[in-house]
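*Asks:* The sequence isn't on hand, but the structure is:
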Ligand SMILES: NC(=O)C1=CN([C@@H]2O[C@H](COP(=O)(O)OP(=O)(O)OC[C@H]3O[C@@H](n4cnc5c(N)ncnc54)[C@H](OP(=O)(O)O)[C@@H]3O)[C@@H](O)[C@H]2O)C=CC1
Ligand SMILES: Nc1nc2c(c(=O)[nH]1)N=C([C@H](O)[C@@H](O)CO)CN2
């Protein structure tokens, strides 16, 4: 019997896109959510992925996505909450930033988990994976709202792991620098690389490897994998 699809949110680019491609390479059916249309999303469609547009900026958008998802599948192998916005604290926009970050990093995973857990209860292996951030370990001077919203996501991992066991495993992945953004200048890149013991920009494959471990291990739940190049050692 064909495996149930794996849902990855925010997989129109970068880490989510890479993980979607690698899951397709491994023969998994894939559903992604995306916000802005991109050529890469057409490439995923050509490989058989289902791409559903989603805006998690308010409750209505999140619930609309949940309704649309239910029209495309009655089972899921896993839900990967990857969608995210990385924005600094901006004077004059503090509350709006906090609202946006709370919605995408906490309310969307919370409502999707509550409303879609039933799709994971099909008797086979089932996982929810929250992509957090190593920054929750100590906070951030310039991304206070971002770090707080990711810390809330870490706590959702614990609560949902307890609540959905034993049918569904729930874990997190806490990356630190994985992949620079195109507009990151040389000085920023040098400073960011110096913040970890291993000092490299590893690329998205290290997140796919972590995802693979959590999907394949039947005895891990309620944990968060740190993938940070040893930042905690510096
Ligand atoms: N890249 C890195 O080095 C690190 C990444 N992480 C985490 O890893 C994950 C993947 O990182 P990365 O690939 O860089 O992520 P991106 O910054 O590329 O964001 C992923 C996607 O999330 C979507 N998204 C953002 N806000 C919303 C929203 N309100 N509703 C729906 N979709 C939304 C974006 O869609 P669109 O572009 O169409 O707007 C984007 O394509 C994230 O959770 C991130 O926090 C953690 C530490 C380091
Ligand atoms: N949604 C995103 N979250 C984060 C990103 C990103 O590009 N998108 N990038 C980082 C940085 O790499 C940081 O870990 C090191 O400077 C953090 N989160």
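*Replies:* Cool, got the structure. A quick note: this is a predicted structure, and the numbers were derived from the prediction, not measured. Ligands and ions are numbered 1, 2, ... in the order given.
*Asks:* and the residue lying closest to residue 76 once chain neighbours are set aside, which of the three is it?
*Replies:* Of all residues not flanking residue 76 in the chain, residue 119 sits nearest, at 4.3 Å (C-beta to C-beta, 6 or more residues apart in numbering). Backbone N, C-alpha and C define where each C-beta goes, glycine included. Following DSSP: H, G, I helix; E, B strand; the rest coil, residue 119 is assigned to helix.
*Asks:* Residue 119: what's it in contact with?
*Replies:* 4, 69-70, 73-76 (C-beta atoms under 8 Å, 6 or more residues apart in numbering).
*Asks:* need the next SSE after the helix or strand hosting residue 16, C-terminal direction.
*Replies:* Per DSSP states H and E, residue 16 falls inside helix 14-25. Tracing the chain past helix 14-25, the next element assigned as helix or strand by DSSP H and E is strand 30-34.
*Asks:* That next one and ligand 2 in contact?
*Replies:* No. Legend: contact between strand 30-34 and ligand 2 by C-beta under 6 Å from any ligand atom is lacking; minimum distance shown is 13.9 Å.
*Asks:* one step back: out of the contacts of residue 119, which sit inside helices?
*Replies:* 69-70 (DSSP state H).
*Asks:* Which of the contacts of residue 119 sits closest to ligand 1?
*Replies:* residue 69 (13.3 Å; C-beta to the nearest ligand atom).
*Asks:* Would you check that the closest one makes contact with residue 7?
*Replies:* Yes. At 7.0 Å, residue 69 counts as touching residue 7 under the criterion of C-beta atoms under 8 Å.
*Asks:* Between the two, which has more neighbouring residues?
*Replies:* More crowded of residue 69 and residue 7, by other C-beta atoms under 10 Å: residue 7, with 28 against 22.
*Asks:* Can you give me every residue that contacts that one?
*Replies:* Residue 7 neighbours (C-beta under 8 Å, 6+ apart): 30-33, 69, 76, 78-80, 116.
*Asks:* how about a markdown table for these, with pLDDT and distance to ligand 1 added?
*Replies:* Formatted as a markdown table, these follow (pLDDT from 0 to 100; distance: C-beta to the nearest ligand atom, whole Å):
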| residue | pLDDT | distance to ligand 1 |
| --- | --- | --- |
| 30 | 98 | 15 |
| 31 | 99 | 14 |
| 32 | 99 | 10 |
| 33 | 98 | 6 |
| 69 | 98 | 13 |
| 76 | 98 | 18 |
| 78 | 98 | 16 |
| 79 | 99 | 14 |
| 80 | 99 | 10 |
| 116 | 98 | 16 |
